[in-house]
Each structure stands twice: as structure tokens, then as C-alpha cells.
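Engineer: with the input below, show me the fold.
(one chain, ligands or ions: 1)
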Amino acid sequence: MKRFFGIALLLILAGLAAGQDQRPAPGKVKVLLCGALIHPGTGQVQHNAMIVIEGERIRELAENSTLPAGAQVQVIDLSDHTCLPGLIDTHTHTLLQGDITAADYDEQLLKQSVAYRTILGTRSVRRALEYGFTTIRDLETEGAGYADVDLKRAINNGIIPGPRMRVATRAMDVTGAYPLQGYAPDVPVPHGVQLVDGPDNARKAVREQISYGADWIKVYSDRSYFVRSDGVLDDIPTFTLDELRAIVDETHRQRHKVASHAMALNGVHNSVEAGVDSIEHGNYIADADIKTMVQKGIYYVPTIYVGEYVAEGRAAAGAKVWLEMLKIHQETFHRALNAGVKIAFGTDVGGFDWGINPAVEFPYMVKYGMTPIQAVRSATTTAAEMLGMQNDVGSISAGKYADIVALKGDPLADITLLQKIDFVMKGGEIYKSAVH
Ligand SMILES: [Zn+2]
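Structural biologist: Residues are numbered from 1 along each chain as shown. Reported below is the predicted structural model:
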């Protein structure tokens, strides 16, 4: 390993000596020396890999052997590390700081200003990046309006550190279906979503949210879960099929995508019939709907860990169904995986505390039946495709953004190591480094 890098470095230095005249700006070119490099798409592991980075993008991998002549090169030695593409969490809530109980949720909406919640949000996005998530899809602000658009803008303008963001802004549900609930009718309270009733209002809400910066439209398709005697997880659907179709049609017409919170039978069925782009949670999905998901290319974002995280607290508060749902979820995941549904990594972090590394989701995916490389793929290539960002992120190859993370050891042998990422680069900039 060392000898390989020695020779390669000599080549770089020779290039430097030979090409003084065309030298780009100092520090513009970085070279990462990776002991191992995981290519999630193929599952191939490349040993002693050299990644040449120019500006914010990857210029080439070492096997092309044309090293950057004349450049001032910053060499970053990760020869005792495994490198992989920056991770993608496709289901986050940066504006929420955990809500095991309804009281936790109500308190954030009633007692914290949107300004204060946004300040906490800046901490969430920094944590996401430091955990190794260089891209996230933030699936609604839970009553904090369009604050996610501002977080994204602050990151893109270099004001605060954070991942690349795709945002869903306010999300939608029907009247009477979403917290805050249980207050007296004459006491006006805020809601965690935009309340929308009827196809025309739904179209108007889509237009409004997109005009204020929504990349994705998020809908809540079901609520009130219960396990039937035959073991099927049943629900009360929120939107009518006509309303969902109007939302999907209007969103797609504007070249955006729809994510649907759908945990059980009817919510999932209506969502796939309407043609949404991703099913969030999907604790129970009927076989016929799994088939439709494969046919239509609808993604499944299972968010396993959050279910485990909230189950005990909610069961203790009287909602025992949350414990039963865990078993049903595992069985559904297994059927979806075997049927070939595209599964993207998403955690619902924010639903649990941002102090917990969302990479805790990976061991659950493996426990539920994925191989380690499938789990890594779900958070890189598959997630990038779902977001339509596959030309920029999700893999390490020439032309992609230099979004690269590294850790000690082999995550394909021990998936929990993904919770110990100690090197994070986004767009060629280093945000975390245990190597000097
Ligand atoms: Zn969520």
C-alpha cells in the first residue's frame, strides 16, 4: 500500500516540476489517497485509490494515470481509511428536535418561535454534515413555515456549514388530521402542516409551496393505525384519491416530485394509485401495491429506526399498536426487498434527537434483510437517483461533486462503523478530519 502511494506521489511531484507554466491557483487541486474506496453501484472495492479533486468536483481517479501536471497539490493521506461517497439521508426534519410524545411536539410549536427553531435547525444541518451526510432531503418543517428554504440558502451561500438540501417546506394534510389537535374549538392553534381540502385547494397549495421554494411536495396520506385480526395494518386515509391525483398531477406538471407519508394499507394504496414518487415509512404494503411500486418505479423509504425509537414511549402512553407495527414493518421490508422495490435510505431524524447519529439506521436495514453493500447503496446511488441528483452525487467518479467521507475499518464487514465517519468532504472542502 505504502509503495504504491510512494510511486504515485513521485509522479505528482514530477508533474509539478515539469509543468510550472500552467500552474492553476495554489490549493486548487487536492489528492485523496484512500486505503480502500467503495463503489456502491457495482459493489467493487478499489484498493489504494487516488482521487484527484479540482475545485468542487472530482477530476479523475488514479487509474487514469494522468496526474495533475503543474498544479499545486494538497495531498490528504487516508491510506489507513476506507472512502465512500458522501451519504444521503432522504427523510430528515431539521426544524424538529425529537417528538416521542405529543407533548414534545406541541411544546415546540407553541413555545418556540420560528426564529429560535431555525437557530436550532442550523445546529441540525451542521450535525448532519459532520455525521457524513453530504446531501439530505428535508421532508417538511413541522410548523416552521419556509425556514428550510432559508437553511438551504444559508448553506448554499456559505453562511453556515451543512449538506446539500432538497426541501419540502410545509407539507399537506386534510382538516382534522394533523397536530396540533385536542384544543378547544375556540382556541386557535398552529398546525404542523398546511391544511388542504379539495382538489382545487390542493393544486393551489402545490403552486404556493413551489413558488416559495419547495423542491418536493410532501403529503400525509393516512392516520389512526390499527392491526386487524388478519394481521394487516389498517388506517384511515386522509386525502381522497381525487385530491391526491390533483396534487401529483400539479406537482409533476411543474417538474417536481411528491413524497407520501403512508404507513398502512389505504394510505399506501391511494398513494401508489395516484402515482407519488416515494412512499415514506410503509410499515405495511399489500403485495399488489408492492407490484405497482416496482412497475411505476416508486421508491420506498422505510425509516426503521425511528419506529423502534418512538414505540416504547408511545406504547407506554397507551398506543400499543406502535410495538406491533415493528414486526409488521420488518415483514413488509422483506417482501419489498425480494420484489425488487427501489429502497432509499431515510431516517426521520428530527423525529428522534439530532444528537443520535442517523447512521444508526444502517444496522437495522441489514438486520431486516439487506446485505451491507445494499444498505450503503440505498444511501448513495439509489438515494441520488430518487432525488434526480445522480449526475452530481452518490458515487465517486470523474465529474461528480467531491462529496467524500472516510472511516477506519471496513463498513461492509461491520456496518455499525458508518456511525464513526471521521473525515467529511463536501464540494472539495473538508468539514471534518481526524487526519492532518
Ligand atoms: Zn418524517
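Engineer: pLDDT score for the nearest residue to residue 151 once chain neighbours are set aside?
Structural biologist: Excluding the flanking residues, the one nearest residue 151 by Cβ to Cβ, 6 or more residues apart in numbering is residue 121, at 5.2 Å. For every residue, glycine as well, the C-beta is placed using N, CA and C. Looking at residue 121, its pLDDT stands at 98.
Engineer: what's the burial count for residue 121?
Structural biologist: Neighbour count for residue 121, taken as other Cβ atoms under 10 Å: 28.
Engineer: and what of residue 119?
Structural biologist: Residue 119, neighbours per other Cβ under 10 Å, totals 12.
Engineer: this protein: helices as residue ranges?
Structural biologist: Ranges of helices in the chain, per DSSP state H, are 2-18, 102-111, 114-131, 147-156, 199-211, 241-253, 265-274, 287-296, 304-316, 321-339, 361-367, 372-378, 381-386.
Engineer: please export the C-alpha coordinates of the fifth one as PDB.
Structural biologist: I take that to be helix 199-211. What follows is helix 199-211, C-alpha atoms only, in PDB (Å, rounded to 0.1, in the frame of the first residue of the first chain):
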ATOM      1  CA  PRO A 199     -58.600  19.100  -5.500                       C
ATOM      2  CA  ASP A 200     -58.600  22.900  -6.300                       C
ATOM      3  CA  ASN A 201     -57.200  23.900  -3.000                       C
ATOM      4  CA  ALA A 202     -54.600  21.100  -3.300                       C
ATOM      5  CA  ARG A 203     -53.400  22.500  -6.600                       C
ATOM      6  CA  LYS A 204     -53.300  26.000  -5.200                       C
ATOM      7  CA  ALA A 205     -51.200  24.800  -2.200                       C
ATOM      8  CA  VAL A 206     -48.800  23.000  -4.500                       C
ATOM      9  CA  ARG A 207     -48.400  26.200  -6.600                       C
ATOM     10  CA  GLU A 208     -47.900  28.200  -3.500                       C
ATOM     11  CA  GLN A 209     -45.300  25.900  -1.900                       C
ATOM     12  CA  ILE A 210     -43.300  25.600  -5.100                       C
ATOM     13  CA  SER A 211     -43.300  29.300  -5.600                       C
END
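Engineer: quick one: least confident helix or strand in this structure?
Structural biologist: helix 2-18 (a mean of 43; mean pLDDT, DSSP states H and E).
Engineer: could I get the helices of the chain as JSON lines with distance to residue 81?
Structural biologist: Converted to JSON lines, the helices of the chain look like this (distance: least, Cβ to Cβ, whole Å):
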{"stretch": "helix 2-18", "distance to residue 81": "13"}
{"stretch": "helix 102-111", "distance to residue 81": "38"}
{"stretch": "helix 114-131", "distance to residue 81": "16"}
{"stretch": "helix 147-156", "distance to residue 81": "26"}
{"stretch": "helix 199-211", "distance to residue 81": "41"}
{"stretch": "helix 241-253", "distance to residue 81": "41"}
{"stretch": "helix 265-274", "distance to residue 81": "40"}
{"stretch": "helix 287-296", "distance to residue 81": "37"}
{"stretch": "helix 304-316", "distance to residue 81": "25"}
{"stretch": "helix 321-339", "distance to residue 81": "30"}
{"stretch": "helix 361-367", "distance to residue 81": "18"}
{"stretch": "helix 372-378", "distance to residue 81": "15"}
{"stretch": "helix 381-386", "distance to residue 81": "21"}
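Engineer: quick check, residue 226 in contact with residue 321.
Structural biologist: Yes: Residue 226 is in contact with residue 321 according to Cβ atoms under 8 Å; the separation is 6.0 Å.
Engineer: looking only at neighbour counts, state which of the two leads.
Structural biologist: Between residue 226 and residue 321, counting by other Cβ under 10 Å, residue 321 is the more crowded of the two (18 against 12).
Engineer: measure the more buried one to residue 314 for me?
Structural biologist: 8 Å (Cβ to Cβ, to the nearest Å).
Engineer: is residue 335 in contact with residue 285, as I believe?
Structural biologist: Yes: here residue 335 lies in contact with residue 285, judged by Cβ under 8 Å, at a distance of 7.5 Å.
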